[in-house]
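Visitor: Below: sequence and its predicted model.
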Amino acid sequence: MLEPLSLRRLQTSAYMRKAVIQIMGEVVLGISGASGAAYGVRLAEALQELKVPIRLVVSNSGRITLKHECDTTPEELAEKTGALLEEQANIGAKSASGSAPIDAVVICPCSGTTLGKLAAGIGDNLITRSAIVAMKERRKLIIVPREAPYATVHLENMAKLSAWGTIVIPASPGFYNHPTSIEDMVDFVVARILDQIGLKHSIGKRWTGEEIDEF
Ligand SMILES: Cc1cc2nc3c(=O)[nH]c(=O)nc-3n(C[C@H](O)[C@H](O)[C@H](O)COP(=O)(O)O)c2cc1C
């Protein structure tokens, strides 16, 4: 028989879990054709671990990079992470609905093409349309661009989107936590994305301020 205190703890944690699910609506995860598909894959896994419902949209080019870099398909990724896979051509899908309870749209990774479309207000597929809807509904929009070097047009587009409220998280992992694997580096970026969505998580190491003793 459980003691009243343990019972209360159990009830509280069950309540908290429910609360997280209730507070957090769905997250639209768009994987476009920039290199770094692994960031999108890991983000989907992390969202599943956090019990956040995912609507997954993969562009045609994203399908290519997903296969080339991670040896997987959108269908396999959706099955593995419990994500609901939507067709990029289906601009009438729920991800692009202004009235659906979507909490955040994350484009990870975000190609220069998708970035350019967003900066021009073009919503011609389900990824770009969901992002434009996020902008008009003042929902959280996070993009994870990757290119090297960036063209001035990429930089100008990022500055434009940032000024309009989009969170721009470049796919550039830090080294101050001494990563020892690709997974560590991927986790670094994914942790920043989860922070910006507003999710509590334990992915990656956090800086404590005690790491450097000489300055
Ligand atoms: C293997 C591969 C890697 C690519 N890497 C990048 C990249 O890192 N950044 C980028 O902006 N585009 C990259 N591209 C080009 C985009 O896929 C291309 O511009 C495409 O039009 C993007 O379309 P989307 O935004 O609809 O996915 C890459 C393409 C391939 C095939």
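Guide: Alright, I've got the coordinates. Numbering: from 1, shown residues only.

Visitor: Next to the ligand, which bits of this protein? Give me the list.
Guide: Counting by Cβ under 6 Å from any ligand atom, the positions of the chain adjacent to the ligand are 32-35, 59, 61-62, 64-65, 68, 111-114, 146-147. No exception for glycine: its C-beta is placed from N, CA and C like everyone else's.

Visitor: Selection in ChimeraX covering whichever of those are buried, please.
Guide: In ChimeraX, this line selects whichever of these come out buried by 16 or more other Cβ atoms under 10 Å:
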select :32,33,34,59,61,62,65,111,112,114,146,147
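
Visitor: Would you map the strands across the protein?
Guide: In order along the chain, the chain carries the following strands (DSSP state E): 26-31, 54-58, 84-86, 102-110, 140-145, 167-168.

Visitor: and residue 127, which of the ones you listed is closest to it?
Guide: With Cβ to Cβ as the criterion, residue 127 lies closest to strand 26-31 of the strands of the chain, at 3.6 Å.

Visitor: Show me what that closest one is packed against.
Guide: Taking 3 or more Cβ pairs under 8 Å, 6 or more residues apart in numbering; DSSP states H and E as contact, the helices and strands that strand 26-31 lies on are helix 37-49, strand 54-58, helix 60-70, strand 102-110, helix 126-136.

Visitor: Need the contact partners of the fourth one.
Guide: In this case it means strand 102-110. For strand 102-110, the surrounding residues in contact (Cβ atoms under 8 Å, 6 or more residues apart in numbering) are 24-32, 34-37, 39-40, 43, 55, 65, 94-95, 114, 127, 130-131, 133-134, 139-146, 171, 193, 197.

Visitor: For the closest residue to the ligand within the chain, which non-adjacent residue is closest in space?
Guide: When you check the chain against the ligand by Cβ to the nearest ligand atom, the closest residue turns out to be residue 33, at 2.6 Å. Spatial nearest neighbour of residue 33, chain neighbours left out: residue 61 (2.3 Å); criterion: Cβ to Cβ, 6 or more residues apart in numbering.

Visitor: need the contact list for the residue of the chain closest to the ligand.
Guide: 59-62, 64-65, 111, 113-114.

Visitor: Could you do residue 57 as well?
Guide: Under the criterion of Cβ under 8 Å, 6+ apart, the contact partners of residue 57 comprise 28-31, 85-88, 93, 95, 125-127, 130.

Visitor: quick one: least confident helix or strand in the chain?
Guide: For the chain, the helix or strand with the lowest mean confidence is helix 4-23, at a mean of 47 (criterion: mean pLDDT, DSSP states H and E).

Visitor: Let me know whether residue 133 touches residue 97 as I believe.
Guide: Yes: contact criterion Cβ atoms under 8 Å: residue 133 and residue 97 qualify, at 7.2 Å.
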